[in-house]
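Trainee: quick one, fold the following:
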Amino acid sequence: MNNGKFKAKKVFAMLLVLCPVLLYAHGVTVYDHGKIKERTAFRIMGEIDLRTEKDTAALPKYRTLNHEFGMKVDVLEIVKAGDYENRHGLWLWVLLAAPMWADNGEWLEKYRKFLIFLPDETPLFDFEDY
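Mentor: Predicted structure coming up:
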């Protein structure tokens, strides 16, 4: 009887350790932005300016919150490579693949299109190439 209780406690302890690991596990992480092309999808962490116009000179309309789920996008078009705020990267026209909150408190529904600047050093999580 004591042996059964010990095994149950051991299994319970393993579940307590593994659950947080599984909750925060991400798929493929990519650091090489050369792999980005139309129809790739990924999650970006951090604060990202969102422009509703496909114009790099347009002012951002929204800014993402920096939270643990990040911003999930599908790439519709690589607009151009270039520099922005002393950083090199890519301007991407993306489709929001999951809803999220903006820093101004607005709820942004999925399937909205935005122009974003993705600095070269930004890791891409849950990278998928269709």
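
Trainee: quick check: bridge partners of K80?
Mentor: Note on K80: beta-bridge partners W91, judged by DSSP bridges.

Trainee: show me what contacts it?
Mentor: By C-beta atoms under 8 Å, 6 or more residues apart in numbering, the contact list for K80 reads T56, L90, W91. Heads up, the C-betas are built off the backbone N, CA and C, glycines and all.

Trainee: tell me who's in contact with the residue nearest in space to the middle of the chain.
Mentor: Nearest to the mean C-alpha position of the chain, counting by C-alpha atoms, centre = their mean, stands R43 at 2.0 Å. Listed by C-beta under 8 Å, 6+ apart, the contact set of R43 reads H26, F69, G70, M71, K72, V73, L124, F125, D126.

Trainee: in strands only, show me the residues you listed.
Mentor: Among those, the members falling in strands (DSSP state E) are M71, K72, V73, F125, D126.

Trainee: downstream of the helix or strand where the residue nearest to the centre of the chain lies, the next helix or strand is which one?
Mentor: Per DSSP states H and E, R43 falls inside strand 40-44. Downstream of strand 40-44, the first helix or strand assigned by DSSP H and E is strand 49-50.

Trainee: those strands in the protein, which residues are they?
Mentor: Assigned by DSSP E, the strands in the chain fall at 40-44, 49-50, 62-63, 71-84, 87-96, 100-101, 107-108, 113-119, 125-129.

Trainee: report the mean confidence score over stretch 70-79.
Mentor: The average pLDDT within stretch 70-79 is 97.
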